[in-house]
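J.: Got a predicted structure here, sequence first:
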Amino acid sequence: MEWQQYLYNSFRQFVPLIPPKFHPYLELVVKRDDIFGRSVRDRLSELLRLPKSTLQKPLRVIFEGERGIDEGALSVEFFRLVFDEILDPEKNVLFRHINEDDPTQSQVWFREECPTKDTAMMCGLLFGMSLFNNALVQLPAFPQLLYAKLLGKGPKEEMEEIRELDKDFADRMSKLLHGTEEEVSGSRYDDEPELDNGGRVEVTKANVHRAIREGILSRRVTAGGFCRLPPAATS
């Protein structure tokens with residue numbers, strides 16, 4: 001069987017040249033009656049570990065047990081259902097109504113006691129996938145601060161965006177920004193704030209802008225996983 005071995009050896013030379021199976025789509029299998037359940041969360045956790053180039057593949061949503069090929073309508077249906085679930089403070093612990101006295105007219109924002117960072121990351125990923133795939137659905141209103149942070153432009157020194165969320169807190173931060181060295185050094189806001197790099201710093205006039213931007217405000221206005229947004233599709 002020498003010829004068979006020769007044939008096998010010759011074939012092996014070309015095996016490395018055969019490209020791996022290419023998946024043109026990013027598939028997401030979901031259950032309509034458990035739209036943000038364990039299987040979807042596990043899949044989103046996997047996606048968060050993938051490079052952005054993979055996340056930018058066209059999305060194909062498959063509703064478990066249902067027939068149909070996703071040509072856009074199923075993706076829109078999925079995002080409508082999942083956002084109804086995760087953005088409703090009555091159903092999920094990630095968001096809250098800013099004006100609890102009139103929730104029907106209120107904007108929504110992150111709860112300070114957000115259960116896990118992963119939950120916020122998943123939410124941000126879903127928003128990114130929705131935008132990138134032009135699967136646009138109606139969402140509740142967010143304060144300007146969210147968009148300012150996404151663009152890397154907020155909060156402003158005048159604290160307008162923060163004032164939407166907490167007027168008293170914004171007023172205190174504004175006074176801190178414009179205070180004298182003695183006033184700033186003598187202030188105590190959560191003691192020494194922790195910065196993005198994990199370090200801690202005593203607030204002084206020289207670093208008050210950085211301390212407020214990276215430390216004091218971080219617990220109140222963090223946009224969580226929204227920084228994971230892939231670039232929006234362009235026409």
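T.: Received, thanks.

J.: Could you name the helices and strands sitting against the helix or strand where residue 61 lies?
T.: Under the assignment given by DSSP states H and E, the secondary-structure element containing residue 61 is strand 59-63. Judged by 3 or more Cβ pairs under 8 Å, 6 or more residues apart in numbering; DSSP states H and E, the packing partners of strand 59-63 are strand 26-30, helix 73-86. Every C-beta, even on glycine, is put in place using the N, C-alpha and C of the backbone.

J.: Can you give the strand pairings for the helix or strand following the longest one, parallel or anti for each?
T.: Same thing as helix 73-86. Tracing the chain C-terminally past helix 73-86 and defining elements by DSSP H and E, one meets strand 95-97 next. Paired neighbours of strand 95-97 in the sheet (DSSP bridges): strand 108-110 (antiparallel).

J.: pLDDT on the strand it pairs with, on average?
T.: The average pLDDT within strand 108-110 is 79.

J.: for stretch 71-87, same thing?
T.: When pLDDT is averaged along stretch 71-87, the result is 92.

J.: quick revisit: of the helices and strands packed on strand 59-63, flag the one that's most buried.
T.: Ranked by mean neighbour count, the helices and strands packed on strand 59-63 are led by helix 73-86 with a mean of 19 (mean count of other Cβ atoms under 10 Å).

J.: Counting by contacts, list what that one packs against.
T.: If you count contacts as 3+ Cβ pairs under 8 Å, 6+ apart, helix 73-86 packs onto strand 26-30, strand 59-63, helix 117-132.

J.: List the buried residues for the longest one?
T.: For helix 117-132, the buried set under the neighbour-count rule, 16 or more other Cβ atoms under 10 Å, comprises 119-132.

J.: can you list the domains in this protein?
T.: Following automatic domain parsing, one gets these domains for the chain: 26-142, 148-221.

J.: circling back to that earlier point, what would the helices and strands packed on strand 59-63 look like in TSV with distance to residue 62?
T.: Below are those laid out as TSV (distance: least, Cβ to Cβ, whole Å):
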stretch	distance to residue 62
strand 26-30	5
helix 73-86	8
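
J.: for the chain, what spans make up the helices?
T.: 2-14, 38-48, 52-55, 73-86, 117-132, 144-150, 160-165, 167-177, 181-185, 208-211, 218-221 (DSSP state H).

J.: Could you dump those into CSV with distance to residue 92 added?
T.: What follows is the helices of the chain, written out as CSV (distance: least, Cβ to Cβ, whole Å):
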stretch, distance to residue 92
helix 2-14, 52
helix 38-48, 12
helix 52-55, 23
helix 73-86, 5
helix 117-132, 9
helix 144-150, 17
helix 160-165, 19
helix 167-177, 24
helix 181-185, 38
helix 208-211, 32
helix 218-221, 19
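
J.: and those, which one's lowest on average pLDDT?
T.: When the mean pLDDT of each of the helices of the chain is compared, helix 2-14 ends up at the bottom with a mean of 45.

J.: Out of the helices and strands packed on strand 59-63, the one nearest residue 138 is which?
T.: Closest of the helices and strands packed on strand 59-63 to residue 138 is helix 73-86, at 8.0 Å (criterion: Cβ to Cβ).

J.: how close does the closest residue to residue 92 other than its chain neighbours get to residue 127?
T.: The spatially closest residue to residue 92, leaving aside those adjacent along the chain, is residue 86, at 4.8 Å (Cβ to Cβ, 6 or more residues apart in numbering). In this structure, residue 86 and residue 127 are separated by 10 Å, where distance is defined by Cβ to Cβ, to the nearest Å.

J.: Find the residue closest to residue 129 in space, skipping its chain neighbours.
T.: The spatially closest residue to residue 129, leaving aside those adjacent along the chain, is residue 59, at 5.8 Å (Cβ to Cβ, 6+ apart).
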